[in-house]
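structure for the following, please:
(2 chains)
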2 protein chains.
Amino acid sequence: MGVEIERKFLLQNSDWKSLEDGSELVGVRFRQGYIPTEGFTTVRVRIEGDVAKLTVKGKNTGLSRAEFEYTIPVADANDMLGNLCTKPLIEKTRYCRDEAGLKWEIDVFEGDNTGLVVAEVELESEHQQIELPAWIGQEVSGDARYYNVSLVTNPYRNWSEQKL
Amino acid sequence: MGVEIERKFLLQNSDWKSLEDGSELVGVRFRQGYIPTEGFTTVRVRIEGDVAKLTVKGKNTGLSRAEFEYTIPVADANDMLGNLCTKPLIEKTRYCRDEAGLKWEIDVFEGDNTGLVVAEVELESEHQQIELPAWIGQEVSGDARYYNVSLVTNPYRNWSEQKL
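Numbers count the residues shown, from 1 in each chain, chains lettered A, B, ... in the order given. Now for the predicted structure:
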C-alpha cells in the first residue's frame, strides 16, 4: 500500500506549458473510469499512454489517502472501461513538470470537462512547505467537485459557477 | 480477461473428503472480503494460503461471468480486508479434488456461514456435459444466496430454510 498525499490547484494562466528553452511540454493521454462503489472507496481503471492500471483508493483524510495500484493488461482495462465503469469516461491529457524539486502534474480535461485544468503536487507529508510556481492559482484540495470520480457524474460543463 | 463458467452444488455427504488411498484431502485457508460496490460488479480481495489476489467480476449471465484477477502483495490484501471491505469477512477452507477429468473445489465455510459446504466445478463452455460424483447434491448455480458476496450480508446462519 502507498499513501497518497497531494494538493490540488487551479491554474492562473497557461505559462506552465512553456519550458525555459522555448519548447512546449508534451503530454500523455489518459482515459479512465470508475467501477461504481458505495461509500468512499474508489476503484479506478486507467489507461495512460500504453500502460494500464487498476487502483483502489480509500477515504480521503485531510490531504492523505490510502492507495493500492497495480499494473494490468491494457486489454483488461479496455474491457473494464467499456463494460463495468460508469459512463462517460474521464479523458484528459497529463503534463508533468518539475519545479523547485517538486513534480507537478497538470491535467487538461476533455469531453464534458473541457475547460477544466488542474495541477496536482504529491507531498512527502501533510505539513510539507512548498514553493508555488507563478502559474498556480486557487487551491482546491478537499473540494470534492474536483475529484475525478465526481467529474463523471457532475462534469465541469454542468457547474453553474465556472472556476477558471 | 477471463470468463468464468461454473456450476455450483450442495453436497450429499462428506465422502468427497476421503481419497481412494484412505488419506484425507488437505485444504487451503481462504479469507476474503468485498469492496462495497453498486450494481452487479464485485471487487474481491482474497488471501488464499500465502497468496493474495484482487479480482473484479462482472454480472452473471447464465453460468458465465467476466473475471479479471491479479496477484497482489499479501500486505496490501490485509490492509484492504481490514479497512475497505464489508464485514464480516468470509472465511472458509477450500479443498480441490480431480474427478473424471474435472477439477472440483469444495468450500467449507466458517464463522457465520458454518454448516455451509459448497462444491464448484469450472467448465469450458456453458453446455459442457459433466459426470457428477456420487457425493454431489442439489445444484444451486444461479441461486444468489450462495454467492460469496451475498454470504457477507446474509450469512447461512440467518437462513430460515436450512439447505443441508
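
hey, which helix is longest across chain A?
Across chain A, the helix with the greatest residue count (assigned by DSSP state H) is helix A:74-83.

that one - contacts with which helices or strands?
strand A:28-35, strand A:42-48, strand A:51-57, strand B:64-72 (3 or more C-beta pairs under 8 Å, 6 or more residues apart in numbering or on different chains; DSSP states H and E). In this view, the C-beta of every residue, glycine as well, is placed from N, C-alpha and C.

got JSON lines for these, with mean pLDDT and mean neighbour count too?
Listed next are the helices and strands packed on helix A:74-83 as JSON lines, based on pLDDT from 0 to 100; neighbours: other C-beta atoms under 10 Å in any protein chain shown:
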{"stretch": "strand A:28-35", "mean pLDDT": "98", "mean neighbour count": "20"}
{"stretch": "strand A:42-48", "mean pLDDT": "98", "mean neighbour count": "21"}
{"stretch": "strand A:51-57", "mean pLDDT": "98", "mean neighbour count": "19"}
{"stretch": "strand B:64-72", "mean pLDDT": "96", "mean neighbour count": "17"}
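
which strand residues bridge the nearest residue to residue A:111 once chain neighbours are set aside?
Once its chain neighbours are removed from consideration, residue A:111 has its nearest residue in residue A:91; the separation is 5.2 Å (C-beta to C-beta, 6 or more residues apart in numbering or on different chains). Assessed by DSSP bridges, residue A:91 has beta-bridge partners residue A:31.

still on that earlier bit, avg pLDDT for the longest helix of chain A?
Per-region confidence: helix A:74-83 scores 97 on mean pLDDT.

what's the answer for stretch A:140-150, then?
For stretch A:140-150, the mean pLDDT works out to 94.

and stretch A:101-116, by the same measure?
Stretch A:101-116 shows a mean pLDDT of 96 in the predicted model.

how far does that stretch stretch from one end to the other?
26 Å (C-alpha to C-alpha, to the nearest Å).

list the buried residues for it?
For stretch A:101-116, a neighbour-count test (16 or more other C-beta atoms under 10 Å in any protein chain shown) marks A:102, A:104, A:105, A:106, A:107, A:108, A:109, A:112, A:113, A:116 as buried.

what's next to it, contact-wise?
With C-beta atoms under 8 Å, 6 or more residues apart in numbering or on different chains as the contact definition, stretch A:101-116 has outside contacts at A:11, A:16-17, A:25, A:27, A:30, A:88, A:90-98, A:117-122, A:130-131, A:133, A:151, A:155-158, A:162-164.

make JSON lines out of the helices and strands packed on helix A:74-83 and add distance to residue B:145.
Written out in JSON lines, the entries for the helices and strands packed on helix A:74-83 read as follows (distance: least, C-beta to C-beta, whole Å):
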{"stretch": "strand A:28-35", "distance to residue B:145": "24"}
{"stretch": "strand A:42-48", "distance to residue B:145": "25"}
{"stretch": "strand A:51-57", "distance to residue B:145": "27"}
{"stretch": "strand B:64-72", "distance to residue B:145": "17"}
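
around chain B, which positions in chain A sit nearby?
Residues of chain A that fall close to chain B, judged by C-beta under 8 Å from any C-beta of the partner chain: A:1, A:35-39, A:41, A:43, A:54, A:56, A:58, A:66, A:68, A:70, A:72, A:75-76, A:79-80, A:83-84.

I am finished for the moment; much appreciated.
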